[in-house]
Each structure stands twice: as structure tokens, then as C-alpha cells.
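Asker: When you get a sec, could you give me coordinates for this:
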Amino acid sequence: MTSSPDSSRAPPGAPAPEAIEPLPPMLSSMWRLCKLGFRHERGLMALSLGLSQLASLPSALNAVWLALLGAGVIGGDTRLALAAATGMALSAAANWFLTTLSTRVQRRFRDRVTIALEAHVARLQATIVSVAHQERPEYLDRLSMLRNQVFVLDHMYMSLFTTLAWLLRLAFTLALLAWVHPALLLLAVFAAPSAVAAFWRPDVENKAFERGAQDQRLSLHLFDLATTAAPGKDVRVLGIGEQLAGERRAAWERWYGPMARARWGTAMWNALAWGIFGGAYVGAVAFVVWGMRATTAQMLLVLAAGASLAGYIRAAVGEIGFLRGFWADGSRRLAWLEDYAAKQAARGELPAPSVLREGIRFDRVSFAYPGASRLALDEVSFTLPPRAVVAIVGENGAGKTTLVKLLAKLYEPSSGAILIDGTPLSRLVADDWRGRITGALQDFFRFEFRARRTIGLGDLGRMDEEPAVVAAAARAGADDVLARLPAGLDTQLGRTWPGGAEPSFGQWQKLSLARGFMREAPLLQILDEPTAALDAETEHALFERYAAAARAEGDANGRVTIFVSHRFSTVRMADLIIVLDGARLVETGSHEALMARRGTYAELYDIQAAAYRPGVTSPSPARA
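Answerer: The predicted structure follows:
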């Protein structure tokens, strides 16, 4: 029921898609995340680190106090036993106090740094120049894991601090064992296999997880389809509930099966590594008792320190496993996203022009969507002169919306170039260029804010200026929508919010149009089927108004207005009509010139016109 394209295939005439970059190295990624946390919360981070290390020392002294206490009791030294008991009490009190204080400070640090990390990831994803990372399956797999991890990425700091604390305890304990006999340091050597297993396990399990990430996303998607309100009517009318549940289970098993096998395999090796250390510890105790003929204090110290050593190694290795697995993996994905965003931003270095003098030219532009098996645009060349009102027509899948996305710099052409007054669009700073374009796209989003903000988002600098919002609504013909809202511009949109109103699809479309008319004096105005939900007469009237305004206002800066529509009664008013068919440009010209040519445009126009004339047979039903 759901499938994914093979992203490795490239359509003829297009270069193969750029391979996804490997994740950055673990240590450098963790260092970058530490610098990010320090930049936002340097005081709390330094205090958290210091307290976590200080809190580790009292418990590490317990082996010393226990050895002294035993020696005092067995040797009849009351003063030594009393001093050791006092030391143990003070260590316990210090451990409780420092641990409590450290926990409170760390919790405060985590709460504050989490907000910074979430904002950082959201800003990175929302400001990347293109949208390819949100559509290529391999990018989505990587980002879906980062989205799951970002809400707990603050744990990496705590895991790092805890690991350092365990290593500090471990170093102190090894020093105690070396004081008894240097050979006891070999215990650390026998602990090496468990440390190697801890470093190796996360890599194996993470690779298994990432290989199945697409199946996991599919299982979540199918679960949402079966359980959420939006698809609920279709699911019930079509009777596909059981099918969705079955496919969801199958997708989950395709993901979890390899994961479970990887975990069982790594667990067996991990158990073997710990068996090696356990045998070495038994041998160390035997060496001290029978080989060294050690004193009572030395034997007690080895027993206590050795037992602590096993616990410290187990804790340190376990924490390193978590750190290198989930937490460090999240930091590597974040570092990759930062590098990807920086690489995308570096592709433009020139400012956008303030006036269009030569116009916009497509020079042999081809484009294929990531993972697609065919070109969406194939060797397309044309020029949009300044101050022109341009219509783009063609059957579904001809490449109309793709052309618009390329103009908005949401994608880069696979080959060829788009030139703005002779300058390649790829060299313009994306934010600067997008600040000079406006309009409404076919697949607009419903921003469920108050109506004034839903419209005002079209120009952040004037978002709170009511006259600007009202004027944009008037230009878009959305006055009637605002008049019907209970509180006008102050109405909360969206039924899921308290007191929220739910506009119809056509009303949402008008609000989207109004948002697109917030900016003044744009160089490029794009209207990609923004009135598809309206009747033909309303669309025609609105487009007449847009065309008249574009011609009147475009003289100042050479504005080009582009509208995409399937309604040829609207299209005919354009100065220039671009006809696409099967991803290729087949005709350009005015309505009169194209009708006189009797080509593709004339055929499509006659088919649609026949539908509005009763008794007239369509000349070519195969193309309708």
C-alpha cells in the first residue's frame, strides 16, 4: 500500500543524486555540542560539571575507610576504628549532600539547554535553502532519528559528566590497588574487552536501526493513518482498517527483526567480555591472600577496592555505551545537519536586484526530483520579460509546479541555469531573493493562528500593522472571509483550539492569497493555482484584478507576475502563455498567437471550451 522510490536511480539526462554525506566523527560532534551548550548556558554547565566530579569522590573513599575499620577492629585499635567510622559517616553525608545539589543543578541546566537545542534544530531545518532534505528518503531517515533524539539530547551532557565521574572513581581505585601491589593494575587490562564491547555494540545496533529506519517510519505512518482523525473517514469508507493494521505490523517486524538479532549478537560478546574480567578478579584476590601474604588491611582494601572496581568499570563501560550509542549518535546527526545547512547557505553570495531590467531567463533547464525515475523538466528554455503577466499551462504532471519551485529556489536545477537579469539564480542569496518574491502556492499550509497573524506572516516586518493586513486581504478578495469570521481579524482559526473557527477550503485559500499579497513591490509574484477551490467566475474576476494591478504597479520595478491555472478562460488574459507537455516546453506566445497556431494550446483550449457549450463534442477526448 505504501512504497518508497529507489533514490539511487537517476532519470536519463539528469545527473545521479548527490550521495548523502557520512555522519561526522563522534568526538568532534560531541565537542561541538558541548560548545553549543556552553555558549547558551556557560555558568550552569560549568557548575554541573564541577559538582558531578566532586560528588564522585566521597563514595570512592569508602574502600579506604572499610580497610581501616577492619584493621582497627581486628587489631584492637579503637582510635583507628573510630576514625574510620567517622570518615565513613562524613563520606556518606558529603555524598548525599553533593549528589542532591548536583542533581538539582543538572536538572536546571538540562531544562534550559533543552530549549536552546530544540530551537537550534528547528531553526536549522526551517532555514535550509532547499526542501530536498524533507523529501529524499535517506535524508528523512536521518532526520526522523534526530527529531526523536533532540528532545533528550540534553542527556548527552549528563552522560558525559557521569562518565567522567566514573572514570575519576576508577582512577582513584586503581591507585589504591597499585599501592597494594603494581601487578593488580592488570585488572584494568582484563577489563579492556568489556570496554571494547561497549564501544563496538552501539555501532552495530545503530547501523541496524538506520537500515530499518524507513520501515520504522512506514509503521508509524500506517499507525497514524489507522488512529488519527484526518484519514478516519477514508479508512472506514474504504474498509482498509485491517489492511493498515496488518501492513503496520509487517513493517514493524521488518524493522525490529534485524534489530533484535543485532542486539542478541552483541549481548553474547558482551557477556563473554565480562566473564574474562570476573575470572581475573578472582585470580587477583587469590594472589593477594596466598601469593603476597598481605596484611589484614591490604586484603580488606583489595576486596573492597576490587569489588568497587568491578562496579565502577561496569558503570563506566555502561555509561560509555550509552554515551557513544544514543547520545553521541544524536550529536553526530546534529553536527551533520549543521554542516548540511552551512553548505546549502554557502551556495549564494550575491544580493538580489531591486529592479528587473532584462527579466528572467530559463536556459536549457532540466530537473528531476530526488529518487524519481523521470525528469520533471527537460531542457526548458524561455524568457520572462519585465512587467509581463505570464500564464503557465499544461496537463497534470507537465512540470508547472516544478518550474515555480525552481523559481522560488526551493530546488536547484539538475542542469542548465535560471538567470535573473543575466545573473544565475544559484548565486543569489536565497533569503534575499525570497524577500523579493511573493504569491501563493498550490499546496499552501493552513496556519492556525489568529486571522491577522495568519495573513500578516506574509511580511514579518509589517505583521502587526492592521492597515497592511486589511489591504492585503482586500487585494486577495478575502474581505468576505474576514466579514464572516466571528471576531474578524482577531478570530482564532482552527477547530482544535478553544473558540476556534474552521474556514472552508476555499476560505483558507483566500487567506493564503492574502498572505501572499502582504509584501509590497516584489520582483516576482507567483500564483500557483491559488484559486482552485473557487468557481470559475470568481477566479476569473480575481485574476483580472491581479493582472491589472500587476501591469499598473510593475512599471516601477519590472515585476513579473506568473499564474498557473487549468482554466483557460483565465489564462487568455496573460501577455505570455507558456505551454508544457510531458516535462518539455512545447509552445510560447499570446492567446491569439497560440490559437492561430492550432497546436497543443489550441487543442486544450477547445476541449475545455466545448465542456461549457452544450451539444458540442470535444474534439479530442483522449487528451481531456
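
Asker: where in the stretch 151-300 of the chain is pLDDT low?
Answerer: Counting by pLDDT under 70, the ranges of the stretch 151-300 of the chain that qualify are 151, 198-199, 289, 291, 293-295, 297.

Asker: just the helices in it please.
Answerer: 155-180, 186-190, 192-211, 213-227, 232-238, 241-286, 296-322 (DSSP state H, counting those that start in this stretch).

Asker: Over to the stretch 351-500 of the chain?
Answerer: Using DSSP H, counting those that start in this stretch, helices in the stretch 351-500 of the chain cover 400-407, 430-434, 451-456, 466-475, 479-484.

Asker: Go through the helices of the stretch 151-300 of the chain and name the closest to residue 430.
Answerer: Residue 430 sits nearest to helix 213-227 of all those, at 27.8 Å, using C-beta to C-beta. All C-beta atoms are positioned from the backbone trio N, CA, C, and that covers glycine.

Asker: what angle separates the closest one from helix 241-286?
Answerer: Angular relation of helix 213-227 and helix 241-286 on a 0 to 180 degree scale: 130 degrees, by axes from the mean of the first three to the mean of the last three C-alpha atoms, to 10 degrees.

Asker: Check which helices and strands helix 213-227 sits against.
Answerer: Contact partners of helix 213-227 among helices and strands, from 3 or more C-beta pairs under 8 Å, 6 or more residues apart in numbering; DSSP states H and E: helix 137-150, helix 241-286.

Asker: Could you list every helix and strand that the longest one packs against?
Answerer: When contacts are defined as 3+ C-beta pairs under 8 Å, 6+ apart, helix 241-286 packs onto helix 186-190, helix 192-211, helix 213-227, helix 296-322.

Asker: Next secondary structure after the longest one?
Answerer: Following the chain from helix 296-322 toward its C-terminal end, the next helix or strand by DSSP states H and E is helix 328-345.

Asker: for the record, mean pLDDT for that next one?
Answerer: On average, the pLDDT along helix 328-345 is 82.

Asker: Same check on stretch 115-125?
Answerer: Stretch 115-125 comes out at a mean pLDDT of 84.

Asker: which residues touch that stretch?
Answerer: 36-37, 40-41, 133-134, 143, 146-147, 150-151, 153-154, 334, 337-338, 341 (C-beta atoms under 8 Å, 6 or more residues apart in numbering).

Asker: buried sites along it?
Answerer: By neighbour count on 16 or more other C-beta atoms under 10 Å, the buried set for stretch 115-125 is 117, 120, 121, 124, 125.

Asker: Turn these into TSV, including secondary structure and distance to residue 75.
Answerer: Formatted as TSV, those follow (DSSP: H, G, I helix; E, B strand; the rest coil; distance: C-beta to C-beta, whole Å):
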residue	secondary structure	distance to residue 75
117	helix	56
120	helix	61
121	helix	62
124	helix	65
125	helix	68
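
Asker: Just give me the neighbour total for residue 221.
Answerer: Residue 221 has 14 neighbours, counted by other C-beta atoms under 10 Å.

Asker: which residues sit against stretch 320-333?
Answerer: By C-beta under 8 Å, 6+ apart, stretch 320-333 touches 23-26, 29-30, 32-33, 142-143, 145-146, 149-150, 152-153, 155-156, 159-160, 163, 195, 198-199, 201-202, 205-206.

Asker: Go again with 6 Å.
Answerer: 23-24, 26, 29-30, 33, 146, 149, 153, 155-156, 159, 163, 198-199, 201-202, 206 (C-beta atoms under 6 Å, 6 or more residues apart in numbering).

Asker: Any quick ChimeraX command for the buried ones out of the residues you listed?
Answerer: A single ChimeraX command suffices to select whichever of these are buried according to 16+ other C-beta under 10 Å:
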select :23,24,26,29,30,33,146,149,153,155,156,159,163,198,201,202,206
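
Asker: Relative to residue 64, how far out is the residue of the chain most remote from its centre?
Answerer: Farthest-out residue of the chain from its mean C-alpha position, per C-alpha atoms, centre = their mean: residue 76, at 67.7 Å. Counting by C-beta to C-beta, to the nearest Å, the gap from residue 76 to residue 64 is 20 Å.

Asker: for residue 272, same thing?
Answerer: From residue 272 to residue 64 the distance is 33 Å (C-beta to C-beta).

Asker: Mind checking which of the two has more residues around it?
Answerer: Neighbour count, other C-beta under 10 Å: between residue 272 and residue 64, residue 64 has more, with 20 against 12.

Asker: how close does that one sit to residue 594?
Answerer: Following C-beta to C-beta, the distance that separates residue 64 from residue 594 is 94 Å.

Asker: what does residue 259 give?
Answerer: The spacing between residue 259 and residue 594, counted by C-beta to C-beta, is 58 Å.

Asker: of those two, who's got more company?
Answerer: Neighbours per residue, other C-beta under 10 Å: of residue 259 and residue 594, the larger number sits with residue 594, 22 against 15.

Asker: What lies in contact with the strand or helix carrying the more buried one?
Answerer: Using DSSP H and E, residue 594 maps to helix 591-597. Outside helix 591-597, the residues that touch it by C-beta under 6 Å, 6+ apart are 572, 577, 587, 601, 602.

Asker: I'd like the residues you listed laid out as CSV, including pLDDT, secondary structure and neighbour count.
Answerer: Shown next, in CSV, are the contacts of helix 591-597 (pLDDT from 0 to 100; DSSP: H, G, I helix; E, B strand; the rest coil; neighbours: other C-beta atoms under 10 Å):
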residue, pLDDT, secondary structure, neighbour count
572, 82, coil, 17
577, 92, strand, 23
587, 91, strand, 18
601, 87, helix, 26
602, 87, helix, 17
